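>>> make a model of this:
(one chain, ligands or ions: 3)
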Amino acid sequence: MEERIKKKNSCCPSNCYCLNNQSIATYVKLNQLQSGSTTISKIDMEDGFEVDLVDALKTVVQDSGWQCLGSVTDLKKNKCKRFYAEDGEDVVLIYVPGQNTFYCMDAACSHEGGPLEQGDIEDFDGELKIVCPWHSYDFDLKTGISSSGLHQEVYQVEVVGDKVYVNYPEDLHTKPCKIRLTFDVGEKWQKREITTLGHMIPPDQPKRADQLNIVAPGKEKRRGKGGSLASRISNLHSLANIEQWAVDLSWDIVVRFAHVTVDGKQLPQEFFDDFIQVAIDEAKHYGMISTRLKALGSHFGALPVHNALWDSATDTSDSLLARLAIVHMVHEARGLDVQPKTLEKFAKNNDPESVKVLEVIYRDEITHVAAGLKWFTYICKNSQPALDCIPTFHEYVKKYFRSYLKPPFNTEGRQTAGMYEEWYMPLVKPK
Ligand code: FES
Ligand SMILES: [Fe+2]
Ligand SMILES: [Fe+2]
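Ligands and ions are numbered 1, 2, ... in the order given. Modelled structure (predicted):
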């Protein structure tokens, strides 16, 4: 059973060991029932209310937040270990060897947010407390109550077999996921807490959750017209995949081209401001779609996905002009062309919540195409000798995209981004 549960969870981009809430809840509840004196089958036979019992269990499962954090053996190795939630509400799992017991509470100290996983466990007259490393406030491991009067939220922990389970409403991960990291680093850049770019070679291909079922482009499930729930989930799932790659593409352009010079000068800070904002937007888009998928009873990773978007990153890894042209001015502009139709599918099928999400994405994506165009133009104009922007764009698309652009175009959306017909109409196959 555990293997099956592990495979079901594929929503975690950071590949951690956390599992699907609903499945884990089933697992834990069944284990608890079977290990007691009464078994499910005995209740069924004696009371004859199998259907009621199953319904009741379903509710328990749906309302429960039990999830596995890992094996007892592994988790005993750390006195305190932080687990990351996508929304930033992390928890710390604390192991007390003397009691052979695990405790769990919010990781950010309720005083000023200090990292409790770096705190010490101390004995206060027989009561075990964690002491925050920042200002030494103490919190009782069982109750979360502090002698300062503050209170830290605590969560139930159960050990079943060799696994540790915690009852927490959000999926927990062993590392902050891409989305969290993007928000954290993006915010630090925008507040100028990070001011230097550093030097690193970005990965040839960013990591994806091991459990994702990657298929060749075009071999994913047919998305359909949104008439059924399955079709709407499939459409959203495909968009979540695009958004997740878009997060990687945004960071890749920042890191890979950090030290490119134009006429002997570094790119201005505004270039990095723009693409870090794009990364934050893409992370927000992924988060919104992922939340929507969960609300519809699915999750990212439930369906096969393709990696085609990254092919364009690989093809353009040696040229910033090519990257801007293909990723931001061809693919993202193509996104503007298809978005109104996707939106219409959801509107027609009475899904206003998804429509709201798609509207936010559409508005942001216009600014991404605009950023691509702005920096493509900047480089052309500041090159020595200056390049003619539109013919250079056509040249790069022919060289790197190697295909005609397909109408129909969203003329209005493209125009709002500053991309007029002379940019793209000459790239359409002549009749
Ligand atoms: S932040 Fe924890 S005691 Fe101040
Ligand atoms: Fe996006
Ligand atoms: Fe985008």
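>>> and whichever residue of the stretch 51-200 of the chain sits closest to ligand 3, how many neighbours?
Proximity of the stretch 51-200 of the chain to ligand 3 (Cβ to the ion) peaks at Thr182, 12.9 Å away. For every residue, glycine as well, the C-beta is placed using N, CA and C. As a burial measure, Thr182 scores 24 neighbours (other Cβ atoms under 10 Å).
>>> quick check, pLDDT for the residue lying closest to it once chain neighbours are set aside.
Among residues not flanking Thr182 along the chain, Ala283 sits closest, at 3.9 Å (Cβ to Cβ, 6 or more residues apart in numbering). With respect to pLDDT, Ala283 scores 95.
>>> and the residue of the stretch 251-400 of the chain at minimum distance from ligand 3, how many residues sit next to it?
Closest to ligand 3 within the stretch 251-400 of the chain is His368: 3.7 Å, counting by Cβ to the ion. Using other Cβ under 10 Å, His368 has 27 neighbouring residues.
>>> host element of it?
helix 352-382 (DSSP states H and E).
>>> next helix or strand past that helix?
helix 389-396.
>>> which outside residues touch the helix or strand that that following helix is followed by?
Following helix 389-396 in sequence order, the next helix or strand is helix 411-416 (DSSP H and E). Contacts with helix 411-416, where a contact means Cβ atoms under 8 Å, 6 or more residues apart in numbering, come from 333, 336-337, 339-340, 362, 366, 369-370, 420-421, 423-424.
>>> what does stretch 130-142 give?
Against stretch 130-142 from outside (Cβ under 8 Å, 6+ apart): 80, 92, 94, 96, 103, 105, 109-112, 114-116, 118-122, 124, 127-129, 145-148, 150, 152, 154.
>>> quick one, which of those residues are buried?
Neighbour-count burial (16 or more other Cβ atoms under 10 Å) applied to those gives 80, 92, 94, 103, 105, 109-111, 114-116, 119, 121, 128-129, 145-146, 152, 154.
>>> and stretch 213-224, end to end?
End-to-end span of stretch 213-224 (Cα to Cα, to the nearest Å): 20 Å.
>>> what about it, distance to the chain center?
20 Å (Cα atoms, centre = their mean, to the nearest Å).
>>> got the contact list for the nearest residue to Gly88 once chain neighbours are set aside?
In space, and not counting its chain neighbours, Gly88 is closest to Arg180: 6.5 Å by Cβ to Cβ, 6+ apart. Contact analysis of Arg180 by Cβ under 8 Å, 6+ apart lists Tyr84, Glu86, Gly88.
>>> now for the residue most central in space within the chain: which residues touch it?
In the chain, the C-alpha nearest the mean C-alpha coordinate belongs to Ile179, at 4.2 Å (Cα atoms, centre = their mean). Applying Cβ under 8 Å, 6+ apart to Ile179 gives the contacts Pro13, Glu86, Val247, Ala283, Tyr286, Gly287.
>>> which of these sit farthest apart?
Glu86 and Val247 (12.9 Å; Cβ to Cβ).
>>> so what's the residue nearest to Thr182 up against?
Lys178, Ile179, Thr182, Phe183, Gly186, Val247.
>>> ok so, going back, could I get the contacts of helix 411-416 as TSV with distance to Ala347, pLDDT and neighbour count?
Shown next, in TSV, are the contacts of helix 411-416 (distance: Cβ to Cβ, whole Å; pLDDT from 0 to 100; neighbours: other Cβ atoms under 10 Å):
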residue	distance to Ala347	pLDDT	neighbour count
Ala333	23	98	24
Leu336	17	97	22
Asp337	18	97	18
Gln339	12	92	19
Pro340	10	91	14
Tyr362	12	97	17
Ile366	19	98	23
Val369	23	98	24
Ala370	25	98	19
Tyr420	28	98	13
Glu421	28	98	12
Trp423	29	98	22
Tyr424	27	98	23
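>>> can you add secondary structure and distance to ligand 2 and give the contacts of Ile179 back as TSV?
As requested, the contacts of Ile179 are arranged in TSV below (DSSP: H, G, I helix; E, B strand; the rest coil; distance: Cβ to the ion, whole Å):
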residue	secondary structure	distance to ligand 2
Pro13	coil	15
Glu86	coil	17
Val247	helix	8
Ala283	helix	9
Tyr286	helix	8
Gly287	helix	11
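>>> pLDDT check: weakest of these?
Lowest pLDDT of these: Pro13, 32.
>>> who in the chain is up against ligand 3?
Ala246, Glu365, His368 (Cβ under 5 Å from the ion).
>>> redo the residues you listed as CSV? Include distance to ligand 2 and pLDDT.
Shown next, in CSV, are the residues of the chain next to ligand 3 (distance: Cβ to the ion, whole Å; pLDDT from 0 to 100):
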residue, distance to ligand 2, pLDDT
Ala246, 5, 96
Glu365, 6, 98
His368, 7, 98
